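Colleague: Okay, structure incoming, though there's no sequence with it:
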């Protein structure tokens, strides 16, 4: 099987978010593989080990993303590709999906995996957008996948229940928590990763017009939610508490 994994570099989940002049500051911040993408990397490796083939991880980003790609190689992926778009002034999910679509135009693949969402923007758009541009069927939020020949049987979360879907390859899927337990890179894996191929290409080397990848959205400003005030405990009989609650909602919270 020819399997590709979409990978994004994101803040470490333990990092404190700091806003500076309307933008999220990345000064002194540690970066990691987006946690949902780790599920995708792990599942790709498991499928390759079961069915044969190779796993290629692909990321659209800056040169700093090489660290996360090397981590995926240390986990067991075979190859990595970095599509450098550092020169682009404005990017959004449309930009990323369009660059990836241009990259995949001349590629052979059976399965493309990605994380359901990223832990920074959490839009969940890149996978479905890419599938639409490539004309691929896609299934999001999968918690299980079994491949038999040209057929994939998938389970996905749907409002607290499970949906079972059968689809034919080639196929794009996005991974939900519970799909697997991502492995930690071993020391031998880390050493092997240094010798595995990591190709870097510029986005403008792809067959794509810059107008096609122009961002469709613009972030005006970013801000933290207001701090929550202390809770208030109401005393007295139930009828008195209800009257006080209604009064507080009307006069203080101003929502009635």
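Modeller: Ah, there it is. Please read these numbers as outputs of a predicted model, since none were measured by experiment.
Colleague: How about the contacts made by residue 197?
Modeller: If you count contacts by Cβ atoms under 8 Å, 6 or more residues apart in numbering, residue 197 has them with 79, 80. Bear in mind the C-beta positions are built from the backbone N, C-alpha and C, glycine included.
Colleague: pLDDT score for it?
Modeller: At residue 197, the model reports a pLDDT of 95.
Colleague: what does residue 256 give?
Modeller: Note on residue 256: pLDDT of 66.
Colleague: Could you find the closest non-adjacent residue to residue 40?
Modeller: residue 113 (3.9 Å; Cβ to Cβ, 6 or more residues apart in numbering).
Colleague: Quick check, the one you found in contact with residue 1.
Modeller: No - here residue 113 does not reach residue 1: they are 11.2 Å apart, not a contact under Cβ atoms under 8 Å.
Colleague: So which of these two has more stuff around it?
Modeller: Just comparing residue 113 and residue 1: by other Cβ atoms under 10 Å the higher neighbour count belongs to residue 113, 28 against 16.
Colleague: Assign the more buried one to one of the three secondary structure states.
Modeller: Taken by DSSP: H, G, I helix; E, B strand; the rest coil, the conformation at residue 113 corresponds to strand.
Colleague: how near is it to residue 190?
Modeller: According to Cβ to Cβ, to the nearest Å, residue 113 and residue 190 sit 22 Å apart.
Colleague: hmm, back to that, which residues touch the residue nearest to residue 40?
Modeller: 3, 4, 5, 6, 40, 41, 43, 44, 172, 173, 174, 175.
Colleague: Can you lay out those as CSV showing pLDDT and distance to residue 244?
Modeller: Listed next are the contacts of residue 113 as CSV, based on pLDDT from 0 to 100; distance: Cβ to Cβ, whole Å:
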residue, pLDDT, distance to residue 244
3, 98, 61
4, 98, 59
5, 98, 56
6, 98, 53
40, 97, 51
41, 98, 54
43, 98, 53
44, 98, 57
172, 98, 54
173, 97, 52
174, 97, 47
175, 96, 48
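Colleague: Max pairwise distance over these: which two?
Modeller: Within the contacts of residue 113, 41 and 172 form the most distant pair, 15.2 Å apart (Cβ to Cβ).
Colleague: neighbour-wise, which of these two wins?
Modeller: residue 41 (28 against 24).
Colleague: Sticking with the more buried one, tell me its helix or strand.
Modeller: Secondary structure assignment for residue 41, by DSSP states H and E: helix 35-51.
Colleague: Which residues does the one helix or strand in the chain whose mean pLDDT sits lowest contact?
Modeller: The helix or strand of the chain with the poorest confidence is strand 23-24; it has a mean of 81 (mean pLDDT, DSSP states H and E). By Cβ under 8 Å, 6+ apart, the surrounding residues in contact with strand 23-24 are 17, 18, 120, 222.
Colleague: what's the answer for stretch 204-219, then?
Modeller: 83, 87-88, 90-95, 98-99, 102-103, 105, 203.
Colleague: of all the residues you listed, which two lie farthest apart?
Modeller: Farthest-apart pair in these is 90 and 105; separation 23.3 Å (Cβ to Cβ).
Colleague: Residue 36: what's its closest spatial neighbour, skipping adjacent residues?
Modeller: Residue 36 sits nearest to residue 115 (Cβ to Cβ, 6+ apart), 2.8 Å away.
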